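**Q** here's a sequence, model it:
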Amino acid sequence: MKIQITADLLDGIVLAILERNDYYGYALTQRVQEVITISESTMYPVLWRLKKDGYVTTYDQPYQGRNRRYYQITADGKSHLARVRRLWNDYKNTLDQIFNPDGGGDAK
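**A** Now for the predicted structure:
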């Protein structure tokens, strides 16, 4: 069974990675794939949407005779990431109360 990732959570994952470092598209996809299963064909529309919404910006860097497009988080992206983190913590805490009603100890 796989737990479905919402668009907000996927945005948060991408923005949290970009908060630490700028990435070009393929490397960013590889980094995201370290934590969730996602295809390149899914990632690029996410990046385009984040750019359209003003949460990321792009710049090109030459690499071996071609350009790589790098993604960089914006101030609005950092604000959006803070909102996603708050939502995630609320959601996680609510689920922890259901899954671990006795404070997270082992089930008996």
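**Q** for V46, the count of nearby residues, please.
**A** When neighbours are defined as other CB atoms under 10 Å, V46 has 19 of them. For the C-beta atoms, the positions are set from N, CA and C on the backbone; glycine is no exception.
**Q** I'd guessed it sits against L10; true?
**A** Yes - counting by CB atoms under 8 Å, L10 is a contact partner of V46 at 5.9 Å.
**Q** next, show the common contact partners of these two.
**A** The overlap between the contact sets of V46 and L10 (CB atoms under 8 Å, 6 or more residues apart in numbering) is empty.
**Q** which helix or strand contains L87?
**A** According to DSSP states H and E, L87 maps onto helix 75-99.
**Q** ok, residues contacting that helix?
**A** Under CB under 8 Å, 6+ apart, the answer for helix 75-99 is 8-9, 11-12, 15-16, 18-19, 50, 53-56, 73, 104.
**Q** just stretch 24-36 next, same as before
**A** For stretch 24-36, the surrounding residues in contact (CB under 8 Å, 6+ apart) are 5, 10, 13-14, 17-18, 23, 38, 40, 43-44, 47, 61, 68-71.
**Q** same thing but 10 Å
**A** Identification of contacts with stretch 24-36 by CB atoms under 10 Å, 6 or more residues apart in numbering yields 2-3, 5, 9-10, 13-14, 16-18, 20-23, 38-44, 46-47, 56, 58-61, 63, 67-71.
**Q** now L15. Nearest residue, chain neighbours left out?
**A** The shortest distance from L15 to any non-neighbouring residue, by CB to CB, 6 or more residues apart in numbering, is to L81 (4.2 Å).
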